[in-house]
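# Sequence and computational prediction follow.
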Amino acid sequence: MTMPAATVIGGGLAGCEAAWQLAERGIHVRLIEMKPVRMSPAHHSELLAELVCSNSFRSDRLTNAVGLLKEEMRIMGSLIMKCADASRVPAGGALAVDRHGFAGLVTESIRNHQNIQLIHEEADAVPEGAAIIATGPLTSDSLAWAIREIPGLSTLNFFDAAAPIVIKESLDENRLFRLSRYNRGSDYLNAPLNEEEYGMFIRELMNAETAPVHGFEENMVFEGCMPIESMARRGFMVPAFGPMKPVGLIDPKTGKEPFAVVQLRQDNAADTLYNLVGFQTRLKFGEQKRVFGLIPGLEKAEFARYGVMHRNTFLKSPGFLNSRFGVIGREGLYFAGQITGVEGYVESAGSGLVAGISLAEEMNGKAVTDFPSYTALGSLGKHVSTPNQDFQPMNCTFGLIDPLPYIPGQKRIRKKQEKYEAIAARALEYVTRISKVSGGV
């Protein structure tokens, strides 16, 4: 008996998750990845599932929507979550990973799966038959043109940026202090700034030279990855209420919260590299060294990687994709990842999980698993499929997940944390139940 076969294009988080879910359900997968034949401007490694921006998968708490999303994915047998948990590095209440170790685990798992054939070449056409396109917002020009030919599709774009990474040994740790916000461990290095130091930093930041990016406009920046210099131009104190906020961080030298703070998060398991949290930038490399060198403790910082900015493309998915990330009117063709309009590592992998499971069940003649919009996974599908004239990439938030229903005579839950706990419990009960029906072979 011939094994049913599907093609997955793209070896990022979404593509690897989709390929894994298909393969685990008895589908032979041709996973096509253009690296190392062709590298995009944001990629540095030949490994699959490369993290091109932060090394953080964000909060791991169930009272945070992305924490709920991660737990739903774990229950559904996510490869990405398994590898992320196995390559975890300290990050307080967040899940952060050794980026090289994480990508290595994903790559090894994909290469060793008996149902997955990994092919290194550039795809330039939409595949015939069963397929998932998970090429991300940096889709190659040739494939992007082929995708645009699909009836009913239009594309949009925004700009994304990555934060710089510095070598720990080059930092002056006497000027830094170790602490996570609200005393949740000591996983972050913190550079405190007084009002005068903050003012000097912001003025130099706004006057620094930026690298030209073709077509760049300030109003086309994704809010979750806004360059720190763009943030400063919105208002002198905006960074102090954003990534530089001191709330929940008491400097042990003064016993008080500093005026502002720059946090550095461990970037690898060896604890030799740290990234500047929330400091995405498009400053020229020399300017990054000069301006970020004004931060206390970073005066002699050596940069393992400078911050960069690149243009991202995504689909105008409402009216084109259904809630399972399938193309409306084109049986067997799905999209997954940031190209669909979900934003973030976990969200991208989550869309790949849903698309992979849905296509596998379609090919195996089984009823397609439903992820209702009161689950985190289902809320992503709702976002990409609900009509919206101002459609933009979105992270998973409780604002996307259906609220608790009002039951007459029952007391409403007023406290936000208790409400989120109840929403999470409802979602996990459902996902646990369907996971027993929708498991792999």
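Received the coordinates, thanks.
# alpha carbons only for contacts and neighbour counts from here, please
Will do.
# How many neighbouring residues does K35 have?
20 (other Cα atoms under 10 Å).
# what residues are up against the nearest residue to M309 once chain neighbours are set aside?
The shortest distance from M309 to any residue other than its chain neighbours is 4.1 Å, reached at A161 (Cα to Cα, 6 or more residues apart in numbering). Taking Cα atoms under 8 Å, 6 or more residues apart in numbering, we find A161 in contact with 53, 225-227, 280-282, 307-310.
# Would you list the buried entries among the residues you listed?
For those, a burial check counting by 16 or more other Cα atoms under 10 Å picks out 53, 225-227, 280-282, 307-310.
# how about those in CSV, adding secondary structure?
Shown next, in CSV, are these (DSSP: H, G, I helix; E, B strand; the rest coil):
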residue, secondary structure
C53, coil
C225, helix
M226, coil
P227, coil
Q280, coil
T281, coil
R282, coil
G307, coil
V308, coil
M309, strand
H310, strand
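# for I9, what are its contacts?
Each residue near I9 by Cα under 8 Å, 6+ apart is listed here: 15, 31-33, 123, 131-135.
# Strands - which of the residues you listed land there?
Among these, DSSP state E puts 31-33, 131-133 in strands.
# who wins for neighbours among the residues you listed?
Of those, I132 is surrounded by the most neighbours, 30 neighbours in total, counting by other Cα under 10 Å.
# Compute the distance between that residue and A49, please.
16 Å (Cα to Cα, to the nearest Å).
# cool, and N395?
As judged by Cα to Cα, N395 and A49 stand 19 Å apart.
# more neighbours, the two?
Taking other Cα under 10 Å, N395 and A49 do not tie; A49 has more neighbours (26 against 19).
# in the stretch 51-200 of the chain, what spans have low per-residue confidence?
Within the stretch 51-200 of the chain, the stretches with pLDDT under 70 are 155-160.
# in it, which spans are helices?
Secondary structure of the stretch 51-200 of the chain by DSSP state H, counting those that start in this stretch: the helices cover 65-75, 79-86, 99-112, 141-148, 195-207.
# which residues does A14 contact?
Applying Cα under 8 Å, 6+ apart, the residues contacting A14 are 134, 336-337, 348-353.
# Tell me how many other residues crowd G297.
20.
# That one touches F177, doesn't it?
No. Shown here, G297 and F177 do not form a contact pair, counting by Cα atoms under 8 Å, at 9.9 Å.
# Touching both of those two, which residues are there?
A191.
# hmm, back to that, which among the contacts of A14 count as buried?
The buried subset of these - by 16+ other Cα under 10 Å - is 134, 336-337, 348-353.
# Can you tell me which of these is closest to K366?
The shortest gap between K366 and any of those belongs to L353, at 16.6 Å (Cα to Cα).
# okay, the angle between the host helix or strand of that closest one and helix 79-86?
For L353, the element it lies in under DSSP states H and E is helix 345-363. Angle, helix 345-363 to helix 79-86, by axes from the mean of the first three to the mean of the last three Cα atoms, to 10 degrees: 140 degrees.
# circling back to that earlier point, how about the contacts of I9 in JSON lines, adding distance to G332?
Shown next, in JSON lines, are the contacts of I9 (distance: Cα to Cα, whole Å):
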{"residue": "G15", "distance to G332": "16"}
{"residue": "L31", "distance to G332": "16"}
{"residue": "I32", "distance to G332": "17"}
{"residue": "E33", "distance to G332": "20"}
{"residue": "A123", "distance to G332": "18"}
{"residue": "A131", "distance to G332": "6"}
{"residue": "I132", "distance to G332": "8"}
{"residue": "I133", "distance to G332": "11"}
{"residue": "A134", "distance to G332": "14"}
{"residue": "T135", "distance to G332": "17"}
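# Among the residues you listed, which one lies nearest to G77?
Nearest to G77 out of the contacts of I9 is G15 (Cα to Cα; 15.2 Å).
# From E50, how far off is the closest residue to that closest one other than its chain neighbours?
Spatial nearest neighbour of G15, excluding adjacent residues (Cα to Cα, 6+ apart): A134 at 5.0 Å. Going from A134 to E50 by Cα to Cα gives 14 Å.
# anything in contact with each of the two?
Going by Cα under 8 Å, 6+ apart, residues that sit against A134 and also against E50 are G12.
# Torsion angles phi and psi at T7?
T7 adopts backbone torsions of phi -110, psi 130, taken as degrees, to the nearest 10.
# Just the pLDDT at it, thanks.
pLDDT recorded at T7 is 98.
# dump the residue contacts of it.
With Cα under 8 Å, 6+ apart, T7 has these contacts: 29-32, 127, 130-132.
# Determine which two of these are furthest apart.
I32 and A130 (13.7 Å).
# Report the buried residues of stretch 248-257.
Residues 249-251, 257 are the ones in stretch 248-257 that count as buried (16+ other Cα under 10 Å).
# Run through the strands of the stretch 251-400 of the chain in chain order.
Ranges of strands in the stretch 251-400 of the chain, per DSSP state E, counting those that start in this stretch, are 260-266, 273-276, 303-305, 309-315, 333-335.
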